[in-house]
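> Please work out how this folds:
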Amino acid sequence: MQEPLRIGTRGSSLALWQAQQVVACLAPLVAPRPVEVVVIETHGDRDQASALSSMGGFGVFTKAIQQALLERRVDVAVHSLKDLPTVPTPGVEWVAVLPRGPSGDAFVSVRYDHFEALPEGAVVGTSSLRRRAQLCHRRPDLHLQDLRGNVDTRLRKLQSGLYDAIILAEAGLVRLGLHQWIREVLDPRWMLPAVGQGAIGIECRSDDTATRQLLQQINDPMTWACVQAERAMLAALGGGCLVPIGAHSRIIDHQLWLRGVVLSPDGRRCISATHQGPLTMPQAIGIEVAARLRAEGADELLPR
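Alright, predicted model coming up:
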């Protein structure tokens, strides 16, 4: 029997859902070779109490899976692309993305039908510095509290009355069949998603030519262009989980349109910039948006 193609992933319900999408794409291409999922615990999974920003921010959900790849315990690594740092890991290559899911942020509440219905001083839960800063910019009267755990855990905390509302990724709720929890998808004109949000990123070893060629067959070119632009912007800014940065990309009439935002952690300062260009030049578009953000003063908000 042939050695299986091993897919490395985190063990959360959402991560397993994502891994199974990759399995479904690859299995017909490698048959009769079997495909199996290997669950790997990451630092971010082990520590469910600390704020992500206090854990260093970079790679807390991806490093362990990449290490398994380098140690040849798995052949393919599957990540939520928003968790994957833009700084490459030596020996590992980001090769493909599946078609993007919803990229927005969802307002979830058992008390209020939409975000603007929240009363002054309402308690809102989120684990993201990006969401926190944009919420503060929009509604400085809200009381924001950290929220960690998988999707089910966060929903249970909401139901228990700890929060008036929580903010979750729309894609996660939709993919887990929990779309009924969404009261409102927040307007991306003021709540810009994380870089790569809603996209599934796929890696292999840099020296594994056969697997790279296999993964390139399942790559979605439109999603690839959008996330290349977003990640180029983030890389040029030198930001990550420790700085509130958002990005919103669209494809309109064969042009890629990208808007980026950098905020102060308290939301008082918000700098935005926009650029568009041909689909064939996504990285150049992202770099130009970063340059425009810096020209507007973003350097004052970025790590030195």
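> which residues of this structure fall in strands?
Secondary structure of the chain by DSSP state E: the strands cover 5-9, 35-39, 76-80, 92-97, 105-108, 123-125, 143-145, 165-169, 182-185, 200-205, 245-252, 255-263, 270-278.
> Neighbours of the residue nearest to Arg294 when sequence neighbours are not counted, how many?
Nearest non-adjacent residue to Arg294, counting by C-beta to C-beta, 6 or more residues apart in numbering: Leu237, 7.6 Å away. The way it works is simple: take the backbone N, C-alpha and C, and place the C-beta from them, glycine included. Residues within reach of Leu237, counting by other C-beta atoms under 10 Å, total 26.
> again, but for His137
Residues near His137, counting by other C-beta under 10 Å: 19.
> likewise Ser109?
21.
> Near the residue nearest to it when sequence neighbours are not counted, how many other residues are there?
The shortest distance from Ser109 to any non-neighbouring residue, by C-beta to C-beta, 6+ apart, is to Ala165 (3.8 Å). Using other C-beta under 10 Å, Ala165 has 24 other residues around it.
> ok, now how distant is Thr89 from Leu186?
Thr89 sits 32 Å away from Leu186, going by C-beta to C-beta, to the nearest Å.
> what bits of this structure have low per-residue confidence?
1, 43-58, 239-241 (pLDDT under 70).
> buried set for stretch 110-123?
112, 115, 118, 122 (16 or more other C-beta atoms under 10 Å).
> Identify the residues contacting the closest residue in space to Trp190 that isn't next to it in sequence.
Nearest residue to Trp190, sequence neighbours excluded (C-beta to C-beta, 6+ apart): Arg138, at 5.6 Å. Arg138 makes contacts with 190-191, 267, as judged by C-beta atoms under 8 Å, 6 or more residues apart in numbering.
> Which parts of the stretch 1-150 of the chain are helices?
13-30, 43-46, 63-70, 129-138 (DSSP state H, counting those that start in this stretch).
> quick one: which of those helices is nearest Arg154?
Among those, the nearest to Arg154 by C-beta to C-beta is helix 13-30 (11.4 Å).
> Can you report how many residues lie near the closest residue to Ala291 other than its chain neighbours?
Once flanking residues are discounted, Ala291 sits nearest to Ala236: 7.3 Å by C-beta to C-beta, 6+ apart. The tally of other residues near Ala236 (other C-beta under 10 Å) stands at 19.
> so Ala236 touches Ile287, yeah?
Yes - under the criterion of C-beta atoms under 8 Å, Ala236 makes contact with Ile287 at 4.9 Å.
> From Pro278, how far off is the spatially most central residue of the chain?
For the chain, the residue nearest the mean C-alpha position is Lys82 (2.2 Å; C-alpha atoms, centre = their mean). Distance, Lys82 to Pro278, by C-beta to C-beta: 25 Å.
> what's the answer for Met191, then?
For Met191, the distance to Pro278 - C-beta to C-beta - is 28 Å.
> between those two, which one's more packed in?
More crowded of Met191 and Pro278, by other C-beta under 10 Å: Met191, with 23 against 12.
> show me what contacts that one?
So Met191 contacts 104-105, 131, 134-135, 138, 246 (C-beta under 8 Å, 6+ apart).
> buried stuff in stretch 153-161?
So, applying 16+ other C-beta under 10 Å, buried residues of stretch 153-161: 154-155, 157-158.
> which residues touch Ile167?
Counting by C-beta under 8 Å, 6+ apart, Ile167 has contacts 105-108, 124-126, 128, 131, 135, 186.
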